[in-house]
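Chemist: Mind looking at a prediction? Sequence and model below.
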Amino acid sequence: MKDEKCIFCKIANGEIPSKTLYEDDRFRVILDLGPATRGHALILPKEHYADLYELPEETAAELMKVAKKMAARMRERLGCAGLNLVQNNGDLAGQTVFHFHMHMIPRYQGDGQKIGWKPGGPTEEELEEIRREIAD
Ligand code: 5GP
Ligand code: ZN
């Protein structure tokens, strides 16, 4: 399903031009227009899914294969020293475009970017309480 109002549907399906790095029948990988680093790319499924919750399992599995292929290419061709895969779900988590996308952010020595969080310090009891909430 495509969403008429979704810009990433239009980009993924070639209705709006993009700097495409890779394309197959299910995905398009494009350069991000506001890159964190040189080569920052986005993997877009051609079908519209708002986020990870909507993404079918099989599409998620196929998408990770594309991520692996592109990661190898980026290391080989851009000479990046590392790579962050980032995927935001919900505006609170930083999602601004509500068509699933996986960021691929090549990392270079001294690139000045920081992708991270401030570590907490939970007690053993807190960790166990959370574990019980989430685990089966
Ligand atoms: P989010 O914050 O939703 O995880 O990431 C959205 C990303 O899409 C941002 O990094 C932003 O720079 C990028 N972006 C937004 N609009 C466009 C566009 O029209 N074309 C491209 N190539 N990237 C876009
Ligand atoms: Zn869409």
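Modeler: Structure received. Ligands and ions are numbered 1, 2, ... in the order given.

Chemist: just checking, Gln113 touches Arg38?
Modeler: No: contact status for Gln113 versus Arg38: not in contact, 10.8 Å apart, counting by C-beta atoms under 8 Å. The way it works is simple: take the backbone N, C-alpha and C, and place the C-beta from them, glycine included.

Chemist: Look at Ile43 and give its secondary structure.
Modeler: strand (DSSP: H, G, I helix; E, B strand; the rest coil).

Chemist: residues touching the residue nearest to it when sequence neighbours are not counted, list them.
Modeler: Leaving aside its chain neighbours, Ile43 sits nearest to Met102 (4.3 Å; criterion: C-beta to C-beta, 6 or more residues apart in numbering). Taking C-beta atoms under 8 Å, 6 or more residues apart in numbering, we find Met102 in contact with Leu42, Ile43, Leu63, Ala67, Leu85, Val86, Gln87.

Chemist: Helices along this structure, start to end?
Modeler: Here the chain has its helices, by DSSP state H, at 7-12, 57-78, 124-134.

Chemist: Which of these sits closest to ligand 1?
Modeler: Comparison of the helices of the chain against ligand 1 by C-beta to the nearest ligand atom identifies helix 7-12 as nearest, at 5.4 Å.

Chemist: Could you name the helices and strands sitting against the closest one?
Modeler: strand 27-31, strand 41-45 (3 or more C-beta pairs under 8 Å, 6 or more residues apart in numbering; DSSP states H and E).
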